[in-house]
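A.B. asks: model this:
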Amino acid sequence: MLRFSQAIVVSLLASTFLLACGDKINPMGSNTTGGGGGSPGVDTGTSTEVTYSGTIKPFLDTYCTSCHQPSKSITPPLDTYNDAKANATACKNAMQISSMPPSGKAPSDAEKQTFQDWITLGFPQ
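C.D. replies: Numbers count the residues shown, from 1 in each chain. Next up is the predicted model:
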């Protein structure tokens, strides 16, 4: 009887852990604590929560803002929420035809989809 009770407790704990961790996953592939795969600074999970500050800003910082910022004179600038929102469709189109970024590692299909999700969700901050 004791072994049966222990098995139930272990199963319940494991289920609780998996459910709790599932809420911490975000759209670009890794957990929101920064571990896991994907590019440095870019979360790559599977949650439906996509925000500028939590997902899109790190994405842009990884792939775009080293060139697209006012001090570099490369348009459009993408270093602020308003800039990213105003130019989101152009960015999405450039990524779809694989012209951006022009050098270095390109975003994965999952990361591109997350950027599209941000647009579809109405640019949550």
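A.B. asks: can you give me the mean pLDDT across stretch 103-119?
C.D. replies: In this model, stretch 103-119 has an average pLDDT of 93.
A.B. asks: In that stretch, which residues are buried?
C.D. replies: Neighbour counts using 16 or more other C-beta atoms under 10 Å place 107-108, 110-112, 114-118 of stretch 103-119 among the buried residues. From N, CA and C alone the C-beta is placed, and that goes for glycine too.
A.B. asks: right, and the helix or strand after the lowest-mean-pLDDT helix or strand in the chain?
C.D. replies: Scoring the helices and strands of the chain by mean pLDDT, DSSP states H and E places helix 2-22 at the bottom, with a mean of 37. Under the assignment DSSP states H and E, the closest C-terminal helix or strand after helix 2-22 is helix 57-63.
A.B. asks: Please point out which parts of the helix or strand following that next one sit buried.
C.D. replies: Beyond helix 57-63 in the direction of the C-terminus, DSSP H and E gives the next helix or strand as helix 81-86. Neighbour-count burial for helix 81-86 flags 83-85 (criterion: 16+ other C-beta under 10 Å).
A.B. asks: Let me know the closest of these to P76.
C.D. replies: Top of the list for closeness to P76, among the buried residues of helix 81-86 and by C-beta to C-beta, is D83 at 6.5 Å.
A.B. asks: coming back round to it: could you work out the most separated pair of the buried residues of stretch 103-119?
C.D. replies: Maximum distance among the buried residues of stretch 103-119 (C-beta to C-beta): 15.2 Å, for S108 and W118.
A.B. asks: now the buried residues of stretch 103-119 as JSON lines including secondary structure?
C.D. replies: Converted to JSON lines, the buried residues of stretch 103-119 look like this (DSSP: H, G, I helix; E, B strand; the rest coil):
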{"residue": "P107", "secondary structure": "coil"}
{"residue": "S108", "secondary structure": "coil"}
{"residue": "A110", "secondary structure": "helix"}
{"residue": "E111", "secondary structure": "helix"}
{"residue": "K112", "secondary structure": "helix"}
{"residue": "T114", "secondary structure": "helix"}
{"residue": "F115", "secondary structure": "helix"}
{"residue": "Q116", "secondary structure": "helix"}
{"residue": "D117", "secondary structure": "helix"}
{"residue": "W118", "secondary structure": "helix"}
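A.B. asks: All good on my end, thank you.
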